[in-house]
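Asker: Just need the structure, nothing else, for what follows:
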Amino acid sequence: MKNLKIHIARFILEATTPIFVGSGKSSLLKDALVQRDANGFPMIPGTSLAGVLRHAIQLSEDGEKLAAALFGSAKDKEGQGAGSPVKVSSAVLLLKENFVSEGLLPLEEFKDNKAKFDQLPVRQHVKITDKGTARDKGLFDNEVVYKGVRFVFEIEASVDLVGEDSWNSLLDKVKSSTLRVGAGTRNGYGLLKPIKSFEKTLTLDEYLNLSPSLNEDSWWNHLEQIQSLNSQENLVHYRLELQPDPFFIFGGGHGDTDVDNVPLVEMVANYNKGSLDFQEENTVIPGSSVKGAIAHRVAFYYNLKEEKFADTGEGFTVETNPAVQGLFGKAGEDTSDPRAGKVFFKDVFFSKEEVTNEKILNHVVIDRFTGGAMEGLLFSEKVSHFKQPEKKLIINIELQLTEETLKYQNHLEDALTDVCRGRLPLGGLTTKGHGIFTGQLFRSEFSKKDKTIFNYQ
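Answerer: Numbering: from 1, shown residues only. Below you'll find the predicted structure:
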């Protein structure tokens with residue numbers, strides 16, 4: 001027992017997109033609330049992290065066997081099973097250097113940050129039918145945790161139970177470019193990037209003599225920073241470089257004192273001065289909005305290829321379209337074989353120096369008989385546009401290659417090309433001329449140089 005050694009790894013993860021790890025609760029104003037710790041700050045349960053890591057390992061070569069060795073297995077037909085030799089802690093919010101939200105804190109010191117997290121951003125979602133209208137009961141919303149926040153969590157395992165190769169494979173998955181946690185991971189949420197990684201193999205005496213608290217300085221001093229591990233992902237990367245013509249709006253679902261509809265803006269967290277701080281007024285291009293438009297256009301191209309046309313009643317809707325299911329997954333209470341999507345999107349953020357939202361457009365419905373405005377039908381919105389004409393909207397999309405996605409990859413590329421041609425507008429109020437973009441589409445895979453797929457001239 002004295003010779004027992006224990007692997008310890010600690011990670012500081014930064015949310016490069018907003019995160020939604022649900023608590024299963026709702027409120028009068030919000031349909032879904034994030035998981036919080038005892039101090040009211042957001043957290044990621046260790047069970048969520050362990051599940052994501054196990055799933056990532058299962059997808060690798062000999063993954064089922066390695067996943068069972070690391071995280072245990074249920075009893076089989078012969079009654080054989082095993083517990084997990086790997087322990088994964090919950091990820092807690094980093095408030096300042098080497099100090100996290102752990103235990104009950106003196107909240108007076110962090111009252112400004114606490115106020116920010118008491119009123120988290122809310123994302124509105126609406127499911128659109130194949131006719132371009134909102135589906136009945138298809139409107140819902142959820143809280144999200146700010147982009148830029150950092151979390152700290154640990155993994156530990158006995159050296160006798162987890163070999164060096166298996167341990168490194170586990171750490172490698174934490175470095176994966178597809179490590180996304182929580183709900184909406186294919187819609188732009190939950191992408192976590194390791195900022196710092198620490199590791200140490202301790203003897204049992206060393207392990208027992210150190211405090212279990214993440215805020216204990218001796219831990220930070222004891223652990224050794226490790227270099228980034230290279231995770232090889234079977235991904236194709238698409239990059240769209242777009243210029244608007246000239247306005248666009250991705251609505252926040254509400255208005256202000258001036259207009260009825262305003263663009264979505266959110267704060268972004270940063271640690272530039274060592275402690276958690278916020279940069280306000282960032283205009284957001286939600287990945288879910290881009291995904292929805294592209295999914296509908298993929299359905300169009302699949303129906304076109306299969307000659308399934310709407311006027312004959314043979315066309316596949318978005319929910320039943322094989323190409324949409326193969327690329328973007330499918331879920332729901334009535335789904336017998338749910339599957340995760342293989343296309344990954346990211347939210348795009350622009351600062352006030354890059355985008356302005358002050359342009360107001362007014363609309364009125366005219367009475368055709370009198371030529372005057374119809375009562376109660378005057379409305380307006382604020383729209384976004386770049387302050388510098390040469391500024392571009394860069395959208396990065398990743399496709400995970402499988403036998404199924406290879407069948408529908410050309411439909412995805414056709415849809416992305418339509419965006420660059422100005423044929424597929426993005427965002428809201430597109431029937432009024434907003435959201436038309438033109439530009440270039442690039443593709444790269446397996447670290448090769450970008451290949452130009454389409455260039456709008």
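Asker: Can you give me the neighbour number for residue 47?
Answerer: 10 (other CB atoms under 10 Å). C-beta: built from backbone N, CA, C; applies to glycine.
Asker: Is it in a helix, a strand, or coil?
Answerer: On the three-state scheme (DSSP: H, G, I helix; E, B strand; the rest coil), residue 47 is labelled helix.
Asker: Find the nearest non-adjacent residue to it, please.
Answerer: In space, and not counting its chain neighbours, residue 47 is closest to residue 88: 8.0 Å by CB to CB, 6 or more residues apart in numbering.
Asker: Next up, the contacts around the one you found.
Answerer: 46-47, 49-50, 53, 153-155 (CB atoms under 8 Å, 6 or more residues apart in numbering).
Asker: hmm, which two among those are most spread apart?
Answerer: Taking CB to CB as the measure, the contacts of residue 88 span a maximum distance of 14.5 Å, between 47 and 154.
Asker: residue ranges with poor pLDDT in the stretch 51-200 of the chain?
Answerer: Flagging of the stretch 51-200 of the chain using pLDDT under 70 yields the residue ranges 61, 75-81, 128-134, 137, 177-178.
Asker: ok, 80 please
Answerer: Where the stretch 51-200 of the chain drops to pLDDT under 80, the residues are 59-63, 73-82, 107, 125-139, 175-179, 184, 186-187.
Asker: just the strands in it please.
Answerer: Secondary structure of the stretch 51-200 of the chain by DSSP state E, counting those that start in this stretch: the strands cover 86-88, 91-96, 99-100, 122-128, 134-143, 150-158, 192-203.
Asker: so of those strands, which one's packed in deepest?
Answerer: strand 91-96 (a mean of 22; mean count of other CB atoms under 10 Å).
Asker: relative to strand 150-158, how tilted is it?
Answerer: 130 degrees (axes from the mean of the first three to the mean of the last three CA atoms, to 10 degrees).
Asker: which helices and strands does strand 91-96 pack with?
Answerer: strand 43-44, strand 99-100, strand 150-158 (3 or more CB pairs under 8 Å, 6 or more residues apart in numbering; DSSP states H and E).
Asker: Can you tell me the closest non-neighbouring residue to residue 4?
Answerer: In space, residue 4 is closest to residue 204, 4.5 Å off (CB to CB, 6+ apart).
Asker: Let me fix that, I meant to ask about residue 251.
Answerer: residue 428 (4.5 Å).
Asker: Would you agree that neighbour falls within a helix?
Answerer: No. Applying three-state DSSP, one finds residue 428 to be coil, outside a helix.
Asker: sorry, back to before: can you list the contacts of residue 88 in JSON lines and add distance to residue 301?
Answerer: Output for the contacts of residue 88, formatted as JSON lines (distance: CB to CB, whole Å):
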{"residue": "46", "distance to residue 301": "42"}
{"residue": "47", "distance to residue 301": "39"}
{"residue": "49", "distance to residue 301": "37"}
{"residue": "50", "distance to residue 301": "39"}
{"residue": "53", "distance to residue 301": "36"}
{"residue": "153", "distance to residue 301": "42"}
{"residue": "154", "distance to residue 301": "46"}
{"residue": "155", "distance to residue 301": "43"}
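Asker: Let me see the contact set for residue 427.
Answerer: Counting by CB under 8 Å, 6+ apart, residue 427 has contacts 248-251, 285, 289, 434-435.
Asker: and if you look at residue 44?
Answerer: 19, 21, 35, 90-91, 151, 153, 181-182.
Asker: what's the angle from the helix or strand residue 278 falls within to strand 122-128?
Answerer: Using DSSP states H and E, residue 278 sits in strand 277-285. Using the same axes, to 10 degrees, the direction of strand 277-285 lies 20 degrees away from that of strand 122-128.
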